[in-house]
Structures are given as C-alpha cells and as structure tokens.
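K.L.:
Any chance you could fold what I've pasted below:
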Amino acid sequence: MVTLLEGLLGRQETSETVVARIDERTAHLTPQHAQYVREMVDRIVQEIDRRSPGRPLTYVQVYAQVYGRLKRHFRVAKYDQVSDERFEEVKTWLQEEWRRVRGGTLPEQEGLF
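P.N.:
Down below sits the predicted model:
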C-alpha cells in the first residue's frame, strides 16, 4: 500500500509540474498569435491611413490608438499579455475593428492623456 501511495504521489508531482509549464506557456499569447495581432493591427492602421490621407494623426499615433483600444478592451498593459486562452476573442475583436474601418467608420480620435 505504501509503495502504491508513493507511486501515486510521484505521478501527481510530475503531473502538477507539467500543468504548471502549460499554464506558464498559455499565460500570454503565443508568438504565432502575437504575430497575427501585429499583422492585423498593421492592416487596420494602413486602411485608416488610406481612407483618411488628410487626417491630422501620424502613423505612430494611429498605431497607438489601435493598440490602446485593444489593451483597454482586454485590460492589459501590453497586447501580448492577453492570455492565449482568449486568443479567439482577440481575433474576433480585431476582425470587427477591421470590418468597421473597411466599412468607412473610422475610429474617433482619442485624447493622448
């Protein structure tokens, strides 16, 4: 019985270690998912720039706005801090933003401070 319990405890510790490593890897967006976010933000910013050439904002400011809305929506300091488990939500949010911009509805200019 003691041998059986020791074996089970050893397997439990191994399982907990594996689960902890998985949790650590999924705590943030994977590199592939972060790349998808960057590419979508690039597309959104380029479309905003294309649709409003006389807009008083610079490219950098438009990037800051798009990333700022994304970070506020997901309540993170950096976009890649979103849990990878929420990637589908991020993807949906970006696709909606893309549709909105493509439909002619440009984001409102927000205060910088």
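K.L.:
residue ranges with poor pLDDT in the protein?
P.N.:
Within the chain, the ranges that satisfy pLDDT under 70 run 15-26, 55, 104-113.
K.L.:
quick one: the helices in it?
P.N.:
Assigned by DSSP state H, the helices in the chain fall at 2-26, 31-51, 59-74, 87-102.
K.L.:
With mean neighbour count and distance to residue 81 as new columns, can those helices be given to me in JSON lines?
P.N.:
No exception for glycine: its C-beta is placed from N, CA and C like everyone else's. Below are the helices of the chain laid out as JSON lines (neighbours: other CB atoms under 10 Å; distance: least, CB to CB, whole Å):
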{"stretch": "helix 2-26", "mean neighbour count": "10", "distance to residue 81": "12"}
{"stretch": "helix 31-51", "mean neighbour count": "15", "distance to residue 81": "10"}
{"stretch": "helix 59-74", "mean neighbour count": "15", "distance to residue 81": "8"}
{"stretch": "helix 87-102", "mean neighbour count": "15", "distance to residue 81": "11"}
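K.L.:
Mind putting those into TSV with distance to residue 80?
P.N.:
Compiled in TSV, the helices of the chain are given as follows (distance: least, CB to CB, whole Å):
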stretch	distance to residue 80
helix 2-26	13
helix 31-51	5
helix 59-74	10
helix 87-102	10
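K.L.:
Now residue 102: closest residue in space, sequence neighbours ignored.
P.N.:
residue 47 (6.2 Å; CB to CB, 6 or more residues apart in numbering).
K.L.:
quick one: contacts for that neighbour?
P.N.:
Counting by CB atoms under 8 Å, 6 or more residues apart in numbering, residue 47 touches 98, 101-102.
K.L.:
Go ahead and confirm residue 73 touches residue 94.
P.N.:
No: look at residue 73 against residue 94 with CB atoms under 8 Å: they stay out of range, at 10.2 Å.
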